[in-house]
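K.L.:
The sequence and its predicted three-dimensional model are supplied below.
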Amino acid sequence: MDERVYWIWLQNAFGAGSAKPVQLVRRAGSAEALFRGGIGLWSSFTFVSDRELAALSAYGVREAEAALDYCLRLGQQVYTPDTPGYPDLLREIYNPPAVLYVRGTLPDASGDVAIGVVGTRKAGKAGLRAAREISYELAQEGAAVISGGALGIDSEAHRGAIDGRGRTVAVLPCGLDYPYLMDNANLRREILDSGGALVTEYPMQTPVQRGAFQTRNRLISGMAHGVLVAEAPKKSGALITARYAAEQNREVFVFIGEDTAAFAGCIGLAADGAARIRTAEDILRAFSAQRKSARTALLRQAAENVARPARRVRVVPLSDSAAEAAEAEETPAAAQPEAGLSADAQRVLASLGGEPKHAAVLEAETGLSAGSVLAALTELELLGKIRSYPGQRFTKSD
């Protein structure tokens, strides 16, 4: 049976945005092995709730197989973490989607710089112009533009990329066939006609639900190398995307116009360390050929580590050469000093104490890649061995 069926089964039980499916598959060895383990195996994981156990039992692979067949017959692509085409950048994040439904063509993260462009729906002229012009320039330079398909800044970002004859991706908060924001139906068709893509982790016919925009926002930043907030007041959903970007170790950029109230959120991000920019060149300067080459090597290593619990990848920091970054070491499962924890989780746990540490500090101290550190933190948090704090900081549990 197609392995994607088992991932669809998992996604149905845990829902969009959950970190549990990938962690369960890593521990079981494969999605199929997890399914075939049955209730005895599922209930052995203390972080799986009774409600989730019931959902795993109630929805079978036949239903999941029918859902996959339906999507494929409609011409959609269905990607899971162990299939070719799944975005490498998403493998790095804390909670990678179990299933991605795609219409169109995704950009190649190993060959293209991808920039998320987000902002308020009620943007003024300065923000709208900046989103469109910068996205146009990004597209002209070969960068992909990722946004949320909404009104305001999102729409201008997509249209700028299209006008620049580049690729743009709209990440949606609902199923691909759901009539979301019909004012932008023509824009979605233009995105596809221009060689771009519509993306979601929600199954067919899923309407917009509570929390869907925040769940969607982590994918906008997760699929990008950096995120530009083109206009955001003090309270704006775009600031959530910027927070995700920072937690995912992405670059954060802001455009600030003259209206301080309209750009209050951007001003706050700049005070917290986001880079203030005026043009696409200001953004792309952060992604030199050398840095991009090294990052590609890291992504390749992270991709190889997904769903392979016996293989532990050690990656040197970005400042070293890409050739050194490609080196890996094997850590036998028998060498784990504490039963039930992966070698990566043991290494991360050993670096934690009573004072909160940021994930980036743990990368430097353990020598693990961003994806490996986040996977280890997820494992430790689900097992109750660590506590998480705002800003992607962690301590050992009391």
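P.N.:
Okay, I see it. Residues are numbered from 1 along each chain as shown.
K.L.:
Mark out where each domain of the chain begins and ends.
P.N.:
As assigned by automatic domain parsing, the chain contains the domains 4-76, 105-284, 289-396.
K.L.:
and these, which is most packed in?
P.N.:
The highest average neighbour count among the domains of the chain, using mean count of other Cβ atoms under 10 Å, belongs to domain 105-284 at a mean of 21. Every C-beta, even on glycine, is put in place using the N, C-alpha and C of the backbone.
K.L.:
quick one: terminal-to-terminal distance for that one?
P.N.:
Domain 105-284 has an end-to-end distance of 23 Å (Cα to Cα, to the nearest Å).
K.L.:
For stretch 86-105, which residues meet the burial criterion?
P.N.:
The neighbour-count check on stretch 86-105 (16 or more other Cβ atoms under 10 Å) flags 86-104 as buried.
K.L.:
Glu365 contacts Ser351, doesn't it?
P.N.:
Yes - using Cβ atoms under 8 Å, Glu365 is in contact with Ser351, at 4.7 Å.
K.L.:
shared neighbours of those two, which are they?
P.N.:
Lys357 (Cβ atoms under 8 Å, 6 or more residues apart in numbering).
K.L.:
quick one on the thing from earlier: can you tell which of the domains of the chain is closest to Asp82?
P.N.:
domain 289-396 (5.1 Å; Cβ to Cβ).
K.L.:
Show the average pLDDT along the closest one.
P.N.:
Mean pLDDT, domain 289-396: 63.
K.L.:
Which helix or which strand is home to Val145?
P.N.:
Taking DSSP states H and E as the definition, one finds Val145 inside strand 144-147.
K.L.:
Need the contact partners of that strand.
P.N.:
Counting by Cβ under 8 Å, 6+ apart, strand 144-147 makes contact with 107, 112-118, 135, 138-139, 153-154, 157-158, 160-161, 166-171, 220, 223-224, all of which sit outside it.
K.L.:
With only the CA atoms kept, save that strand in CSV.
P.N.:
Provided in CSV are the C-alpha atoms of strand 144-147 (Å, rounded to 0.1, in the frame of the first residue of the first chain):
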residue,chain,number,x,y,z
ALA,A,144,10.3,32.4,-4.8
VAL,A,145,7.7,34.4,-2.9
ILE,A,146,5.5,32.7,-0.3
SER,A,147,2.4,34.3,1.3
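K.L.:
Off-centre distance for that strand?
P.N.:
Centroid displacement of strand 144-147 relative to its chain, using Cα atoms, centre = their mean, to the nearest Å, is 13 Å.
K.L.:
Direction included, what does that strand pair up with?
P.N.:
strand 114-119 (parallel), strand 168-171 (parallel) (DSSP bridges).
K.L.:
Quick check: next helix or strand after it?
P.N.:
helix 153-163.
K.L.:
Columns distance to Asp82 on top of the domains of the chain, output as JSON lines?
P.N.:
Below are these laid out as JSON lines (distance: least, Cβ to Cβ, whole Å):
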{"stretch": "domain 4-76", "distance to Asp82": "7"}
{"stretch": "domain 105-284", "distance to Asp82": "16"}
{"stretch": "domain 289-396", "distance to Asp82": "5"}
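K.L.:
if we can go back for a sec, looking at the strands paired with strand 144-147, spot the one closest to Gly40.
P.N.:
strand 168-171 (37.3 Å).
K.L.:
now that closest one, how far from the centre of its chain.
P.N.:
That offset, for strand 168-171, works out to 13 Å (Cα atoms, centre = their mean).
K.L.:
Using CSV, write out every CA atom in it.
P.N.:
Extracted C-alpha coordinates of strand 168-171, given in CSV (Å, rounded to 0.1, in the frame of the first residue of the first chain):
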residue,chain,number,x,y,z
THR,A,168,4.8,32.3,-5.8
VAL,A,169,3.2,30.0,-3.3
ALA,A,170,-0.1,30.6,-1.5
VAL,A,171,-0.4,28.6,1.8
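K.L.:
For the very next helix or strand once past that strand, give me every contacting residue.
P.N.:
Downstream of strand 168-171, the next assigned helix or strand under DSSP H and E is helix 185-193. With contact meaning Cβ under 8 Å, 6+ apart, helix 185-193 is reached by 103-104, 149, 155, 158-159, 162, 168-170, 179, 197-198.
K.L.:
do that again at 6 Å, thanks
P.N.:
Gly104, His158, Ile162, Thr168, Ala170, Leu198 (Cβ atoms under 6 Å, 6 or more residues apart in numbering).
K.L.:
on that earlier part again, which stretch in the domains of the chain has the least confidence?
P.N.:
Minimum mean pLDDT among the domains of the chain: domain 289-396, a mean of 63.
K.L.:
which residues sit in contact with the residue most central in space within the chain?
P.N.:
Centroid-nearest residue in the chain: Gly222, 2.9 Å away (criterion: Cα atoms, centre = their mean). With contacts defined as Cβ under 6 Å, 6+ apart, the neighbours of Gly222 are Leu90, Ile93, Gln248.
K.L.:
Please apply the same query to Ala126.
P.N.:
Residues in contact with Ala126 (Cβ under 6 Å, 6+ apart) are Gly257.
K.L.:
Same question for Thr168.
P.N.:
Val145, His158, Ala161, Ile191, Gly196 are the contacts of Thr168 under Cβ under 6 Å, 6+ apart.
K.L.:
Where do the strands of the protein begin and end?
P.N.:
For the chain, the strands defined by DSSP state E occupy 77-79, 100-104, 114-119, 144-147, 168-171, 197-200, 226-231, 251-254, 275-276, 357-358, 386-389, 393-396.
K.L.:
Let me have those strands in a markdown table, adding distance to Arg285 as columns.
P.N.:
Putting the strands of the chain into a markdown table (distance: least, Cβ to Cβ, whole Å) gives the following:
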| stretch | distance to Arg285 |
| --- | --- |
| strand 77-79 | 31 |
| strand 100-104 | 29 |
| strand 114-119 | 12 |
| strand 144-147 | 17 |
| strand 168-171 | 21 |
| strand 197-200 | 27 |
| strand 226-231 | 11 |
| strand 251-254 | 11 |
| strand 275-276 | 9 |
| strand 357-358 | 25 |
| strand 386-389 | 32 |
| strand 393-396 | 29 |
